[in-house]
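Novice: need coordinates for the following:
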Amino acid sequence: MMDFEENKGVFGPSQVQQPGGTQGQDSRAMRYPDTGQVQTRTGGKGTGWRIFWGIVLAFSVLANVGLFFIVVGLVALFSVGQSRAYNEAVIEEGPRLSKIVVLSIAGEINSEQSENVHRQLREAREDRSIKGLIIRVNSPGGTISDSDGIYREIQKYRQETGKPVVAFMQGVAASGAYYASVACDKIVAEPTVITGSIGVLMRHFVFQELLEHKLGILPVILTEGKKKDWPSSFKSPSEEELQYLREKVLLPAHERFMEVVAEGRQGSLTLREVKDMADGGVLGAKEAVEKKLIDEVGYLDDAIKVSKTLAGIGKARVVEYRRVFSLSSLLSSRNNSVLKFDLNTLQELCTPQVLYLWSAY
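Specialist: Numbering: from 1, shown residues only. Predicted coordinates:
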């Protein structure tokens, strides 16, 4: 509690004589010795509490103002993430109305990667100042459907806009990544790139030994139709099952791969020539040029020159799409980084994967 100390030389006792000779209550009166006048003083305790609550109110106002600005900032972050997914980082200065944009395919190709490419191409369609695209590829490939989806998206962009697209390979651009690259007008690769790997990979886990001999679990599976559970994660496949999978799954996917390469490299390779080298093996950049899988060896500067030539322009502003930071994307990435093991995860482990993937990656 807050109070003020009384000055013994000024204040009277707890009760003071009021003017008129009456005895009153304690009024905290102060008598001036020279004049004999009495000045009434308000209670000290009330003044202290008013100061205290004033401070509390001031802090409350400041806290609410700060909270308001935080909410406004969060809304702005969400709005930016939704209205524009990418910023433009300038690689080479040039006319703003004559632009070449660099997009990226990086890492294993999956549904997230395919959707990312789709969003980049959609944003590029809306920019009329773009004269050409460069697809920067650094990937070992991935799922068949997503590799094919990226290939189709690039084809659609070329057909709908009539603008040239150049693939620029870095590091590894093999299997499904090469599959996607042949949708471009030209392919430029760094001298150290690993590419090719025209083939199909199928893999799945067999848990029979673990379940039966280690955990004592015996799975029971009932089917109608002999081939319904081919392949199964709960028993080793027979030779008949493996042959069936080759004929029904691997061969059609391999044929599709070779046809796409022959179509994309039309004028450079025939289907027969593609089949002769479609053994799943990888090639270096120099050998890939010799076998006409790519057009030339070079760096990003060379890919930019090729893009300008195809677009029929002498100068261009070259930019690269970079993801805009947003709170929603941050929270999404954190959620994806958490290791989860549930029924869906178990189902994924038991489901065979058919891939356009260089498995040495």
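Novice: show me the shaky parts of the stretch 151-300 of the chain.
Specialist: 211 (pLDDT under 70).
Novice: ranges for the helices of it?
Specialist: Taking DSSP state H, counting those that start in this stretch as the criterion, the stretch 151-300 of the chain carries its helices at 176-181, 208-209, 239-245, 251-264, 271-277, 285-290, 300-311.
Novice: which residues sit against the second one?
Specialist: Okay, so that is helix 208-209. By CB atoms under 8 Å, 6 or more residues apart in numbering, the list of residues contacting helix 208-209 from outside reads Phe234, Lys235, Ser236. Every residue, glycine included, has its C-beta placed from N, CA and C.
Novice: try stretch 279-286
Specialist: So stretch 279-286 is contacted by 169, 174, 189-201, 291, 293-294, 297, 358, 360 (CB under 8 Å, 6+ apart).
Novice: let's see that with 10 Å instead.
Specialist: Contact with stretch 279-286 is made by 140, 169, 172-175, 178, 188-201, 254, 257, 277, 288-291, 293-294, 296-298, 358-360, as judged by CB atoms under 10 Å, 6 or more residues apart in numbering.
Novice: for it, measure first residue to last.
Specialist: One end of stretch 279-286 to the other measures 18 Å (CA to CA, to the nearest Å).
Novice: sort out which residues of it are buried, please.
Specialist: Gly280, Val282, Leu283, Gly284, Ala285 (16 or more other CB atoms under 10 Å).
Novice: ok, stretch 255-272 next?
Specialist: In stretch 255-272, counting by 16+ other CB under 10 Å, buried: Phe257, Met258, Val260, Val261, Ala262, Gly264, Arg265, Leu269, Leu271.
Novice: Val102 looks like it's in a strand, true?
Specialist: Yes - secondary structure of Val102 (DSSP: H, G, I helix; E, B strand; the rest coil): part of a strand.
Novice: for it, list the residues it contacts.
Specialist: Counting by CB under 10 Å, 6+ apart, Val102 has contacts 88-89, 91, 120, 133-136, 166, 168, 300, 303-304, 307, 318-322.
Novice: of those, buried ones?
Specialist: Buried, going by 16+ other CB under 10 Å: 88, 91, 120, 133-136, 166, 168, 300, 303-304, 307, 318-321, out of those.
Novice: rewinding a little: between the helices of the stretch 151-300 of the chain, which one is nearest to Asn64?
Specialist: helix 300-311 (51.0 Å; CB to CB).
Novice: most neighbours among the contacts of helix 208-209, which one?
Specialist: When neighbours are taken as other CB atoms under 10 Å, the top entry among the contacts of helix 208-209 is Phe234 (17 neighbours).
Novice: ok, which stretches of the stretch 151-300 of the chain are strands?
Specialist: 165-174, 186-189, 194-196, 201-203, 282-284, 296-297 (DSSP state E, counting those that start in this stretch).
Novice: need these in TSV with distance to Gln113, can you?
Specialist: Listed next are the strands of the stretch 151-300 of the chain as TSV, based on distance: least, CB to CB, whole Å:
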stretch	distance to Gln113
strand 165-174	13
strand 186-189	19
strand 194-196	18
strand 201-203	17
strand 282-284	20
strand 296-297	26
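Novice: would you agree Glu190 is in contact with Ala167?
Specialist: No - applying CB atoms under 10 Å as the test, Glu190 and Ala167 come out as separate, 11.8 Å apart.
Novice: next one: Leu250 relative to Phe234, how far apart?
Specialist: Relative to Phe234, Leu250 is positioned 22 Å away (CB to CB, to the nearest Å).
Novice: quick one on the thing from earlier: and of the strands of the stretch 151-300 of the chain, who's closest to Val61?
Specialist: strand 165-174 (55.2 Å).
Novice: centre of the chain versus the closest one, how much separation?
Specialist: 20 Å (CA atoms, centre = their mean, to the nearest Å).
Novice: so in that sheet, which strands flank it, and in what orientation?
Specialist: Partners of strand 165-174 in the sheet, by DSSP bridges, are strand 130-139 (parallel), strand 186-189 (parallel), strand 194-196 (parallel).
Novice: give me the common contacts of Glu190 and Ala167.
Specialist: Joint contacts of Glu190 and Ala167 (CB under 10 Å, 6+ apart) are Ala173, Ala303.
Novice: more crowded one of those two?
Specialist: A count of neighbours by other CB under 10 Å puts Ala167 above the other of Glu190 and Ala167, at 28 against 18.
Novice: ok, the more buried one - contacts?
Specialist: 105, 133-137, 154, 173, 177-178, 180-189, 264, 294-295, 303 are the contacts of Ala167 under CB under 10 Å, 6+ apart.
Novice: what do you get if the cut-off is 6 Å, keeping everything else the same?
Specialist: By CB atoms under 6 Å, 6 or more residues apart in numbering, the contact set of Ala167 is Ile135, Val137, Ser181, Cys184, Ile187.
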